[in-house]
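Colleague: Generate coordinates for the sequence data below:
(chains A and B)
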Amino acid sequence: MVVALLLVLVVVGTVVFHFMSPWWWTPIASNWGYVDDTIIVTFWVTGAVFIAVGLFMAYCVWRYRHRKGRQAAYEPENTKLEVWLTVLTTVGVAAMLTPGLFVWDQFVSVPEEATEVEAVGQQWQWTFRLPGADGVLGTVDTRNINDDNPFGLNPDDANGQDDVLIDSSELHLALDRPVKVLLRSIDVLHDFYVPEFRAKMDMVPGMITYFWLTPTRTGTFDILCFELCGTGHYAMRGQVVVAEESAYEAWLKEQSTFAELSAKAGNGTGEAVKLVLGEGKADSVERDSAQ
Amino acid sequence: MAYFVPTNADDMPPAEVAEMELYHPKSWVTKYVFCQDAKVIAIQYSFTAIAIGLVALVLSWLMRLQLGFPDSFDFIDPTDYYQLITMHGMIMVIYLLTALFLGGFGNYLIPLMVGARDMVFPYVNMLSYWIYLLAVLVLVASWFVPGGPTGAGWTLYPPQAILSGTPGADGGIVLMLISLALFIIGFTMGGLNYVVTVLQARTRGMTLMRLPLTVWGIFVATVLALLAFPALFVGAVMMLFDRLLGTSFFMPTIVEFGEQLQYGGGSPILFQHLFWFFGHPEVYIVALPAFGIVSDLLSVHARRNIFGYRMMVWAIVVIGALSFIVWAHHMYVSGMNPYFGFFFATTTLIIAVPTALKVYNWVLTLWKGNIHLTIPMLFAMAFIITFVNGGITGLFLGNAVVDVPLSDTMFVVAHFHMVMGVAPILVIFGAIYHWYPLMTGRMLDQAMGQFHFWVTFLGAYTIFLPLHYLGFLGVPRRYFEMGETTFIPDSAQTLNAFVTVVALIVGFAQVVFIYNLIRSASKGKPAGHNPWRATTLEWQTPEVPPGHGNFGEALPNVYRWAYDYSVPGAEQDFLPQNLAPDQAPAAGGREDLSGAAPEPAE
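Modeller: Got it, this is the predicted structure:
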């Protein structure tokens, strides 16, 4: 009796905890609400199974507990019942998988109109690169990285000259504009994640990975590294500032390009961009007209 | 012919092979140390696995102290913390769970349950233990080399695992990889024993479909191990080469802290494929023996045949086979080709079907049963609740796009602890309470057992349930401390502190269990023969504990399947597998013939 009651308590307690838990999703700030919706469907299907199995087990413990003279049934199998249970389970599984695969298809299919942004991960900081006026990111190679060229841009690639280099850990994005985030690492595995965006992907040295999103809410959001990358993993933080078009453009104007920073370095006025643990801001430079 | 109908003695087929020659130990050393008897080897495996498992348990307390009270424990710094999580994880999965289920339970129960005198390759079996012990010692040695153990996480991902930003990149990672290679060698030797013994050494009348599900679970798990461990072996060797010889299997071009390294051209994702090709079957290597054992615990203690035995066998086999084509569900956000996500999400959710069928059949075994609320039964039922919970959260993670926000969060940590750390451990406890009387001739203390059960079950559930919700919040795993964030409320830290306190309480309950194990060996209530009135062959030996050679003069003949409980018309509510039909008392009253055995405590 007590055991049956405690089993019921565990099941009911779990359901109550779920609905009363103060720990739930951070409010979403991107278009990936479909992921949240798929999670809700999953909760309905799996929740039903958990409750049914738990309560049925509690019932059996109470109803069929040993008493003097009790004899158990002898029924090795019941094919009809087992077939029914298989069919029901398959339907339940399909009900979760179908929306899941549809949304996954959306996740891997970047819309035509998405602009590109590159996030660069290294132990233990974030930096960023935008394609600049020509809309094309220049080619990069890890072997080009040195103090004067921390992003490893190919100096012979014209497309890279106008790339906007953001040497701090603060990225700005424009509200409601779909963006493809290209991910690059120059040392070990990292992962770029903003919980409010619901989208992430590992950064793998030696290749470029991506995910895409449309920011739907203004604000300042934390970037955290989501792939163990050494002792500083937990301290590898950044911010994404989502702003209205005009505020975003204003911020963009203040950023420096590769060409500007190279010129500055070439003039010997000190290192253009420093790689330090923590933040280092690129100097604000008046942008020259034609590149 | 229905598989559960017994064979008549006249229809018993003749023996196919001569009985094996057993090695008979002559000295104390060959009887208790370098012993070829599988039962001794089983106990050696179990002692070693439990000992190193207790070390990993203490490591988890230190981890929880840091997470629960981040500013309070100066002696735990980030390097320590990452070494703790790595060693805790690797020890628990490989050196405790795999070793205990296969090396411990497999060695003890397989020969007994199939009606054999020992494993088919006893000398190699003995060697396998000593190699396992060596592997454990090499792992422990990593605490004593400069730099300490590796802190790369139990997944050991390159490039970080062998680079200076990760603890133990000097010596710790090398010892870890060598230890794993040794473990795999040892387990290949043991695994060959388990598989060949089940296939070739079954006694007369013991067809495959009369085997208890415990044997099926361990057997299929061993097949998985033999096929999956090589992937980890080659991955470990390749990483050793990268670290020691400067090769670049897994190492692309890298600038490490401003310095260009000599590596280039390698693929970190290749390691992940190799690791998880092993790693996913590995979790089924842990789960399948638990599935098999829990089926038998439920059967015996509910006095009811397992519901749908044939389906249960097929489910174990199908789950085992499918486990080889789901591995990349650990890699949805790894950067691998995104289109793989479609395939692996589908196969992963398909594997849920045979698994769910097993759950239904376990519960249906209780339905219309005659349930004795013994401690093994309590643990078996707790397994069902926690396994359903843990299995269900796997469906969230397996559905590729849902994994995107949840991967690397505390949701994953909560999932794998519940499904692999809580549920199978509950089965291990239940199995120990169940088979202890066979191994020692005494019962474990019931009062301590009740305390141990309730604190462990309710405590572990309380630890891991809330952690899922931290995962939904976006709290990451493998973080030394959260520090300042814009989105995590202070209450999350309060929850962490609460979970730490519960974890320490549950930890204390395990001390009570260990004390019970030690004390009851000499002071426990004498159990007599077959106190649980079970049908399977391990309980039908002439001596308790079973002597060398297990069955005395003559091997048993098997006339029936393993689940003749509460057979209508029979005089007692169980018919042992080696009881011929013409000797089974029929009709009449329902007296219990095993009067010498004590009624199990409720």
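Colleague: can stretch A:60-74 be found next to chain B?
Modeller: Yes: interface with chain B: stretch A:60-74 contributes A:60-61, A:64-66, A:69-74 (CB under 8 Å from any CB of the partner chain). C-beta: built from backbone N, CA, C; applies to glycine.
Colleague: which residues of the stretch 451-600 of chain B score low on pLDDT?
Modeller: B:585-600 (pLDDT under 70).
Colleague: Next, the contact list for the nearest residue to residue A:245 once chain neighbours are set aside, please.
Modeller: Distance criterion CB to CB, 6 or more residues apart in numbering or on different chains; nearest residue to residue A:245, sequence neighbours excluded, is residue A:174 at 5.5 Å. Residues in contact with residue A:174 (CB atoms under 8 Å, 6 or more residues apart in numbering or on different chains) are A:215, A:242-245, A:248-249.
Colleague: What subset of those is buried?
Modeller: A:215, A:242-243, A:248 (16 or more other CB atoms under 10 Å in any protein chain shown).
Colleague: mind listing which of these are in helices?
Modeller: residue A:248 (DSSP state H).
Colleague: so does the one helix or strand residue B:396 maps to get close to chain A?
Modeller: Assigned by DSSP states H and E, residue B:396 falls within helix B:375-398. Yes: under the criterion of CB under 8 Å from any CB, chain A is reached by helix B:375-398 at B:378, B:381, B:384-385, B:388-389, B:392, B:395-396.
Colleague: In the residues of stretch A:60-74 next to chain B, find the pair that's most separated.
Modeller: Spatially, the most separated pair among the residues of stretch A:60-74 next to chain B is A:61 and A:74, at 19.9 Å (CB to CB).
Colleague: sorry, back to before: in the helix holding residue B:396, which residues are buried?
Modeller: Result for helix B:375-398 [16+ other CB under 10 Å]: buried residues B:375-398.
Colleague: Check the model's average confidence along that helix for me.
Modeller: In this model, helix B:375-398 carries a mean pLDDT of 97.
Colleague: Toward the C-terminus from that helix, list the very next helix or strand.
Modeller: helix B:400-406.
Colleague: Tell me which other helices or strands the helix or strand just after that next one touches.
Modeller: Sequence-wise, the next helix or strand downstream of helix B:400-406 (DSSP H and E) is helix B:410-416. Here helix B:410-416 is seen to pack against helix B:375-398, helix B:446-473 when contacts are counted using 3 or more CB pairs under 8 Å, 6 or more residues apart in numbering or on different chains; DSSP states H and E.
Colleague: Including distance to residue B:313, could those helices go into a markdown table?
Modeller: Formatted as a markdown table, the helices and strands packed on helix B:410-416 follow (distance: least, CB to CB, whole Å):
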| stretch | distance to residue B:313 |
| --- | --- |
| helix B:375-398 | 19 |
| helix B:446-473 | 28 |
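Colleague: Local confidence estimate at the residue nearest to residue A:245?
Modeller: Per the predicted model, pLDDT is 96 at residue A:174.
Colleague: picking that back up, out of the residues of stretch A:60-74 next to chain B, which is nearest to residue B:361?
Modeller: Nearest to residue B:361 among the residues of stretch A:60-74 next to chain B, with distances taken as CB to CB, is residue A:60, at 12.9 Å.
Colleague: Hmm, residue B:367 and the closest one touching each other?
Modeller: Yes: contact criterion CB atoms under 8 Å: residue A:60 and residue B:367 qualify, at 5.1 Å.
Colleague: Looking at the two, which is more packed in?
Modeller: Higher neighbour count among residue A:60 and residue B:367: residue A:60, with 22 against 19, using other CB atoms under 10 Å in any protein chain shown.
Colleague: And the pLDDT at the closest residue to that one other than its chain neighbours?
Modeller: Spatial nearest neighbour of residue A:60, excluding adjacent residues (CB to CB, 6+ apart): residue B:366 at 4.1 Å. pLDDT, residue B:366: 97.
Colleague: Please name the residues that touch residue B:366.
Modeller: Residues near residue B:366 by CB under 8 Å, 6+ apart: A:57, A:60-61, A:64, B:298, B:302, B:304, B:381.
Colleague: wait, which of the residues of helix B:375-398 next to chain A is closest to residue A:53?
Modeller: For the residues of helix B:375-398 next to chain A, the minimum distance to residue A:53 (CB to CB) is 5.3 Å, reached by residue B:388.
Colleague: ok, back up a step: what about the contacts of residue A:174, which are in strands?
Modeller: Per DSSP state E, strands hold the following members of the contacts of residue A:174: A:242-243.
Colleague: Relative to residue B:348, which of the contacts of residue A:174 is nearest.
Modeller: Set against residue B:348, the nearest of the contacts of residue A:174 by CB to CB is residue A:215 (30.6 Å).
Colleague: Tell me where the model's unsure across the stretch 101-250 of chain A.
Modeller: For the stretch 101-250 of chain A (pLDDT under 70), the answer is none.
Colleague: where do the strands sit along it?
Modeller: Secondary structure of the stretch 101-250 of chain A (DSSP state E, counting those that start in this stretch): strands at A:115-122, A:125-130, A:164-166, A:170-174, A:179-185, A:190-193, A:200-203, A:209-213, A:219-225, A:237-243.
Colleague: returning to what we had before: for the residues of helix B:375-398 next to chain A, which one is nearest chain A?
Modeller: Taking CB to the nearest CB as the measure, residue B:392 is the one of the residues of helix B:375-398 next to chain A closest to chain A, at 4.1 Å.
Colleague: Before I go, just wanted to say thanks for your time.
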